[in-house]
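Asker: got a predicted structure plus its sequence, pasted below:
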Amino acid sequence: MVGLIGFLAQEGGDAAAAVTQRAPNWFVEHAFLIPLFAFASAALTLFFGKRTPGKGPVYGIAAIGLGFIFALGVVWSFVQGGGTYERNIDWFTIGPLHMQLGFFVDGLTAVMLIVVTSISLMVHIYSLGYMHGDKRYTWFYVVLSIFTGAMLVVVLASNLFLLLVGWEIMGVCSYLLIGHWYEDHANSSAAIKAFLTTRVGDVPFMFGIFACVLLTGMTTTNIVEVSHAAATSTNVALVTAAALLMFGGTIGKSAQFPLYVWLPDAMAGPTPVSALIHAATMVAAGIYLVARTFEVFIAANPVALTIVATIGGITLMLAALLALVQDDIKKVLAYSTISQLAYMVAALGMGEAGYPAAMFHLFTHAFFKALLFLGAGSVIHAAHSNNMSDMGGLRKHMKVTYVTFLIGSLALAGVPPLAGFFSKDEIILVSKEGHHYLLMVTLVVGAVITAFYTTRMVLKTFFGEYRGTEHLHESPRTMTVPLVLLAITTCFVGLLGFAPVGAPFMDWVYFGGVPETPVFSPLVALISILAVAIGGFFGWRLYRDYTEIDPVTRLGGFYDLLVRKYYLDDIYFDGIVRPVRDTWSAGVYWFNQTVLDGIVNGAAALTRGLSGPIMWLDRNVIDGIVNGAGTAMESFGKGLRTIQTGKVQWYAVGLFAGVVALAVFFIR
């Protein structure tokens, strides 16, 4: 943020500016203003929000809306064939390390700016209705704007240090937002779990930054220069270490195995926060990190990308299966997010060909997943429950929510011609063309499971008879208008990557010098459609007559395994949390009470022992000297008072006697 503010003071300064290629329009050159708008709105909301009509959301909505207009201008630059643009200002130097703060804009940046600002704008507007009456309403909008601004810093950062700053600000904001209703123990625990779990991934990420700096000879953290250094380095071991360490940050932030456990628990927070986290900020940041530093991963030993793809495949299956047994509608979507993020990770692990496919899925997923979470919030707002067992029949009472949620669900399942079909199909196509057949099978099976649990979610929520007790009603327009806008976007945004219409998205986001010609495979499309049909069919057969007993409970022991989440939380709690809390903390307490306090108390006892002789010396010798001098002066004063009579004749006699005495002294 400091660096971005510095641009305002140094705008036009030729000495500090470094332009890779002159951008074709004004919006690209001033893209740094987009996060500043968000941070400024947070400050205005904090200081003036409660005295503003509506309690302050107007600042955030106006700022993010303005940022969205700027983002459209940036994208338009790349539609017209504009090039990359970079601008930096000097910050400080430590030895050979020259630290700068700045921003970098290319096609990937432009696309991510659209994702973050558009989704955040919808969330800001939606929250007007959802959070209305909340006792920390103004504070919610303050943190929401900072959260958005932090993600925009990550997107625009030209160097890894500034990216890390935005990354960590997001971590703090996620803690504050997930724990917004901290009076509830579940919420505060979820916030702590999310914060600590993602910090575990941040540790290797920071070491990965150090490794990247080493690649440049300890001279810079600039991402372009780091990428060039990795591409030309002969130290493959160091490049591989840098790639895998930074991927640790992705595992934490983008909720991949084994650190995905925080994301479902984060559903305890307000639903608008869930939508923003799952669609455009936190979890997208990890995928973006790999994409932004992809040159490092390509230059590393091939085993690095293999590990990335493997983690993606494992996470995809684990999370998709867990979504089957969830009754909380938001947790179904949470595990769905983990699974869809795993698609992106797997695509990145397939190398250069998978890069644009991963980014395209990140792009489309943002819209339909935001739609689904906000739709879930609308349902929760009416039913006053997250549990789908307390719902049913809502399509009769909430028609706008039902239609928009259905569109999002079909996109998630991969039904053509909605957004999810095109991007998921592209990833499967890359796995086929790259001969990653095991991974391809995993992706297709994941698509079948996705279609199944999506069908289950829709049928349990909107079909059958209402099983709750609340009086149902449609949500206010502040909530339904964003749903409609996101549903419309979900219907058409997938065409940006459809090969028969030119796939313009691939011209904006690609890896290497020239974008590859988009390809459409009827065979892969047929496989994708069959996967959706199979999953949807079995979901419909099992849940079309759902009343009270969930068919997935028939899975027996496997159902219990899924309900216990593969015992992963138990392993973490019993293997890490409990030993730290009960054993290690007890040892630390003993060490503190016995050793440290013993040293402190011993020093105090020694001081008290030595203070006896010192006090005697002070009272009898030092005080004796001081008091004796005072007594002598007092006696001398009393003597002087006897001759201070005030009688002039006696003074004359004394003066005469003194003169006589002096005369006798000198005569002798």
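Answerer: Thanks, I have it.

Asker: any weak-confidence spans in the chain?
Answerer: When residues are selected by pLDDT under 70, those of the chain lie in 1-24, 581-582, 584-585, 618, 637, 639-651, 668.

Asker: in it, which spans are strands?
Answerer: 85-94, 97-105 (DSSP state E).

Asker: adding distance to Thr234 and mean neighbour count, write the ones you listed out as CSV.
Answerer: Heads up, the C-betas are built off the backbone N, CA and C, glycines and all. Output for these, formatted as CSV (distance: least, CB to CB, whole Å; neighbours: other CB atoms under 10 Å):
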stretch, distance to Thr234, mean neighbour count
strand 85-94, 26, 17
strand 97-105, 22, 22
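
Asker: for those, which one sits closest to Val75?
Answerer: Of all the strands of the chain, the one in closest proximity to Val75, counting by CB to CB, is strand 97-105 (10.4 Å).

Asker: export that closest one as CSV, just CAs?
Answerer: The C-alpha trace of strand 97-105 is given here as CSV (Å, rounded to 0.1, in the frame of the first residue of the first chain):
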residue,chain,number,x,y,z
LEU,A,97,19.5,-6.2,-2.6
HIS,A,98,17.6,-3.3,-4.4
MET,A,99,14.1,-3.3,-3.1
GLN,A,100,11.3,-1.6,-5.2
LEU,A,101,7.6,-1.3,-4.9
GLY,A,102,5.5,-1.2,-8.1
PHE,A,103,2.8,-2.7,-10.3
PHE,A,104,2.9,-4.9,-13.3
VAL,A,105,0.0,-5.3,-15.8
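
Asker: quick one, it and strand 85-94 angle?
Answerer: 160 degrees (axes from the mean of the first three to the mean of the last three CA atoms, to 10 degrees).

Asker: and strand 97-105, how far out from the chain middle?
Answerer: Here strand 97-105 shows a centroid-to-chain-centroid distance of 21 Å under the convention CA atoms, centre = their mean, to the nearest Å.

Asker: which strands and helices lie in contact with that strand?
Answerer: When contacts are defined as 3 or more CB pairs under 8 Å, 6 or more residues apart in numbering; DSSP states H and E, strand 97-105 packs onto helix 2-10, strand 85-94, helix 137-156, helix 160-178.

Asker: pick the most deeply packed of these.
Answerer: helix 137-156 (a mean of 26; mean count of other CB atoms under 10 Å).

Asker: shouldn't Ser174 be in contact with Phe195?
Answerer: Yes. Using CB atoms under 8 Å, Ser174 is in contact with Phe195, at 7.1 Å.

Asker: contacts only, for His228.
Answerer: Glu295 (CB atoms under 8 Å, 6 or more residues apart in numbering).

Asker: that one and Thr220: what is the separation?
Answerer: 10 Å (CB to CB, to the nearest Å).

Asker: got any residues that touch both of these two?
Answerer: By CB under 8 Å, 6+ apart, no residue touches both His228 and Thr220.

Asker: now do the contacts for Ala291.
Answerer: Going by CB under 8 Å, 6+ apart, the list of residues near Ala291 reads 108, 348, 355, 358-359.

Asker: what would those residues look like in CSV with distance to Arg87 and neighbour count?
Answerer: Shown next, in CSV, are the contacts of Ala291 (distance: CB to CB, whole Å; neighbours: other CB atoms under 10 Å):
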residue, distance to Arg87, neighbour count
Leu108, 17, 24
Leu348, 28, 28
Tyr355, 25, 24
Ala358, 27, 28
Met359, 23, 29
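
Asker: biggest separation within these, which pair?
Answerer: Leu108 and Leu348 (12.5 Å).

Asker: hang on, the earlier thing: how about the helices and strands packed on strand 97-105, which one is nearest Gly73?
Answerer: strand 85-94 (12.6 Å).

Asker: the closest one to helix 160-178, inter-axis angle?
Answerer: Going by the same axes, to 10 degrees, strand 85-94 makes 100 degrees with helix 160-178.

Asker: roughly how far apart are the residue nearest to Pro482 when sequence neighbours are not counted and Ala275?
Answerer: Distance criterion CB to CB, 6 or more residues apart in numbering; nearest residue to Pro482, sequence neighbours excluded, is Met122 at 4.0 Å. Separation of Met122 from Ala275 (CB to CB) stands at 8 Å.

Asker: overlap in contacts of these two?
Answerer: With CB under 8 Å, 6+ apart as the test, Met122 and Ala275 both reach 370, 374.

Asker: which one of those two has more residues nearby?
Answerer: Ala275 (32 against 27; other CB atoms under 10 Å).

Asker: show me the residues around the more buried one that make contact.
Answerer: Counted by CB under 8 Å, 6+ apart, Ala275 has contacts 119, 122-123, 126, 369-370, 373-374, 377.

Asker: rerun at 10 Å
Answerer: 119-120, 122-123, 126-127, 130, 281, 330, 333, 366, 369-377, 482, 486 (CB atoms under 10 Å, 6 or more residues apart in numbering).

Asker: what's the nearest residue to it if we skip its chain neighbours?
Answerer: Phe373 (3.6 Å).

Asker: now the helices and strands packed on strand 97-105 as JSON lines including distance to His397?
Answerer: Formatted as JSON lines, the helices and strands packed on strand 97-105 follow (distance: least, CB to CB, whole Å):
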{"stretch": "helix 2-10", "distance to His397": "47"}
{"stretch": "strand 85-94", "distance to His397": "50"}
{"stretch": "helix 137-156", "distance to His397": "27"}
{"stretch": "helix 160-178", "distance to His397": "30"}
